[in-house]
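> Show me the folded form of this:
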Amino acid sequence: MSSIDIASTQPVNNAPVVPLSSTPGDGDQYNSSLFPSTPSQPQSQSQPSQSAGLVEPGNINLSGRPVIQNADGSHSSEYSTSFGTDKGEVLVPTVVNGKFLTPDGTKPLKGSKQEQQMYARARDHYRQTGEHMGIFDTPANADA
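You can find the predicted model right below:
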């Protein structure tokens, strides 16, 4: 068994420990291959990565969103759908304020009437607020 002092910069098991150059904050982008949901190293802020076919970046902060426990045991922090507009294919959230856009706030069954109604509520939410996760040139790029 080995232990690690997280405040140390000394090698552990011959692997160097590299301190972060900045403190994670709201809106910072991080990437980790071992723990994808755990921040590890900041990505360049000067050149954000762009998704294929992105026409307009989203205007919702996706960092630190609440995690929802689904009835099937899975977890969601975001679930999205897209639809066509005169600006392009708009990617919109179906989770708003930590709840699915359903009457009971839970994730509906895939392919159900309740799921279709949730998608309609997501489109309505976009039309009312303008909130989106990006506008893309094609449905395939929006859903990639």
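
> C-terminal to the lengthiest helix in the chain, what's the next element?
In the chain, taking DSSP state H as the definition, the longest helix is helix 113-129. Using DSSP states H and E, the helix or strand that follows helix 113-129 in sequence is strand 134-136.

> What strands flank that following strand, and is each parallel or antiparallel?
If you go by DSSP bridges, strand 134-136 pairs up with strand 54-57 (antiparallel), strand 89-93 (antiparallel).

> Tell me which of these sits most buried.
Comparing the strands paired with strand 134-136 by mean neighbour count (mean count of other C-beta atoms under 10 Å), strand 89-93 ranks first with a mean of 24. Using the backbone N, CA and C atoms, a C-beta is placed for each residue, glycine as well.

> So which residues of this structure form helices?
113-129, 139-142.

> Tell me which other helices or strands the shortest one touches.
Counting by 3 or more C-beta pairs under 8 Å, 6 or more residues apart in numbering; DSSP states H and E, the packing neighbours recorded for helix 139-142 are strand 80-84, strand 89-93, strand 134-136.
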